[in-house]
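1. I'd like to go over a predicted model; first the sequence, then the structure.
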Amino acid sequence: MHIRIIGAPMDLGADRRGVDIGPSAIRYAGLSDHLKRLGHTIHDIGNLPVPQPESRPIGNLRLKYLDSIIQSSSELADEVYQALQENEFPLILGGDHSIALGSISGVAKAHPNVGIIWVDAHTDFNTEETTPSGNIHGMILAALAGLGDPQLVNLGGWSPKINKQQIVIIGARDIDPGEQALLREHHIHVFTMSAIDQHGIPSLMKQAIEIAGIDGAPIHLSLDLDSLDPRDAPGVGTPVRGGLSYREAHLAMELVAASQRMISMDVVEVNSILDRENATAQLAVELTLSALGKTIL
């Protein structure tokens, strides 16, 4: 496989600083060399330019840094679309999860029927009306589904980017009240940690792949490292106790790889300031390798 690595050091979508170092930390953990050993060809274009929060006005407190996020997302969408047009697999390294507005918009432009597997402690299904924080990284999945502020929703000139019935959220355990109402209203498939405890990762990931990839649709995987338990992934933007275990996360990635349906992937929310000896970045590399074909035997 030809893989285009795209760094998106976005640190505008959340309050806690540090995830802008994530792409560099993941690269430092040996991502390219490990992917080459799996037989992939690597084209790393470096990091796209993203402004620092200190250099931009915060703007509307219910939509913090909206203009800057829109600009950066548009540039990322163009880069992801170009990668797919050139038959490369886009591997996007964040940054906070607001980068998915750009990455998935680019994928959806090339593949309008794409389904989404969103592995995250949070559902990111707020709008400016429901958000308790004004942080846009918590609104991205809703915006891609056509809900929320028109500038987010209509990035690139069309909406919705994705079919709500092809969205599957895995590992959720911290959902705001307003999100809960929207998720129920729009019948979004959410496999919470409680569901994983009851039914197990193998069963739920197989369902997720069937739902997101209905009728042979391709799949975009968006992996937020805070989906894992903080004991395994201490260096993340928004840690929440009780997450996926090391093996559950690997098995989830392995099952996606085995499906041969994934055409693009985000890896987000590695916060090196909060990490210990780059352990979370190393884990991000390991999980990416599992998603891209590495097996135990």
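-> Now that the structure is in, tell me what you want to look at.
2. quick one: which helix or strand includes residue 170?
-> Using DSSP states H and E, the element containing residue 170 is strand 167-172.
3. Skipping adjacent residues, who's closest to residue 151 in space?
-> Among residues not flanking residue 151 along the chain, residue 70 sits closest, at 5.5 Å (Cβ to Cβ, 6 or more residues apart in numbering). Where you see a C-beta, it was placed from the backbone N, CA and C, and this is true even at glycine.
4. how deep is residue 212 tucked in, by neighbour count?
-> The number of residues packed near residue 212 is 28, by other Cβ atoms under 10 Å.
5. The stretch 51-200 of the chain: helices as residue ranges?
-> For the stretch 51-200 of the chain, the helices defined by DSSP state H, counting those that start in this stretch occupy 66-85, 99-110, 140-144, 150-153, 177-185, 193-199.
6. CA atoms only for stretch 208-225 - export them in PDB, please.
-> Coordinates of each C-alpha in stretch 208-225 appear next as PDB, following Å, rounded to 0.1, in the frame of the first residue of the first chain:
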ATOM      1  CA  ALA A 208     -19.600  -1.800  13.300                       C
ATOM      2  CA  ILE A 209     -17.900  -2.800  10.100                       C
ATOM      3  CA  GLU A 210     -21.200  -4.100   8.700                       C
ATOM      4  CA  ILE A 211     -23.000  -0.900   9.600                       C
ATOM      5  CA  ALA A 212     -20.300   1.600   8.400                       C
ATOM      6  CA  GLY A 213     -19.500  -0.500   5.300                       C
ATOM      7  CA  ILE A 214     -23.100  -1.300   4.300                       C
ATOM      8  CA  ASP A 215     -23.500  -2.400   0.600                       C
ATOM      9  CA  GLY A 216     -19.800  -2.500   0.200                       C
ATOM     10  CA  ALA A 217     -19.100   1.100   1.200                       C
ATOM     11  CA  PRO A 218     -15.500   2.000   2.100                       C
ATOM     12  CA  ILE A 219     -14.700   2.900   5.800                       C
ATOM     13  CA  HIS A 220     -12.800   5.800   7.400                       C
ATOM     14  CA  LEU A 221     -11.400   5.000  10.800                       C
ATOM     15  CA  SER A 222     -11.000   7.900  13.200                       C
ATOM     16  CA  LEU A 223      -8.900   6.800  16.300                       C
ATOM     17  CA  ASP A 224      -8.800   9.000  19.300                       C
ATOM     18  CA  LEU A 225      -6.200   7.700  21.800                       C
END
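7. ok so, going back, and the strand holding residue 170, how far from the chain's centre?
-> 11 Å (Cα atoms, centre = their mean, to the nearest Å).
8. Stretch 97-114 too?
-> 10 Å.
9. which parts of it are buried?
-> Residues 97-111, 114 are the ones in stretch 97-114 that count as buried (16 or more other Cβ atoms under 10 Å).
10. name the element the residue positioned nearest the centre of the chain belongs to?
-> Centroid-nearest residue in the chain, with Cα atoms, centre = their mean: residue 222, separated by 3.1 Å. Using DSSP H and E, residue 222 falls within strand 219-224.
11. wait, is residue 264 part of a strand?
-> Yes. Applying DSSP: H, G, I helix; E, B strand; the rest coil, one finds residue 264 inside a strand.
12. residues in contact with it?
-> 80, 84, 89-92, 103, 107, 220-221 (Cβ atoms under 8 Å, 6 or more residues apart in numbering).
13. Dig out what it forms beta bridges with.
-> Beta bridges link residue 264 to residue 220 when assigned by DSSP bridges.
14. quick one: contacts for the closest residue to residue 66 other than its chain neighbours?
-> Counting by Cβ to Cβ, 6+ apart, residue 66 lies nearest to residue 59, which is 5.5 Å off, once chain neighbours are set aside. Residue 59 makes contacts with 65-67, as judged by Cβ under 8 Å, 6+ apart.
15. let's see it at 10 Å
-> For residue 59, the contact set (Cβ atoms under 10 Å, 6 or more residues apart in numbering) comprises 65-69, 134.
16. same question, residue 295
-> If a contact means Cβ under 10 Å, 6+ apart, then residue 295 has 38, 250, 254, 257-258, 289 as its contacts.
17. Distance to residue 266, pLDDT and neighbour count for those - can I get that in CSV?
-> Shown next, in CSV, are those (distance: Cβ to Cβ, whole Å; pLDDT from 0 to 100; neighbours: other Cβ atoms under 10 Å):
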residue, distance to residue 266, pLDDT, neighbour count
38, 19, 98, 13
250, 18, 98, 21
254, 18, 98, 21
257, 16, 98, 18
258, 20, 98, 13
289, 15, 98, 21
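18. No further queries at this time; thank you.
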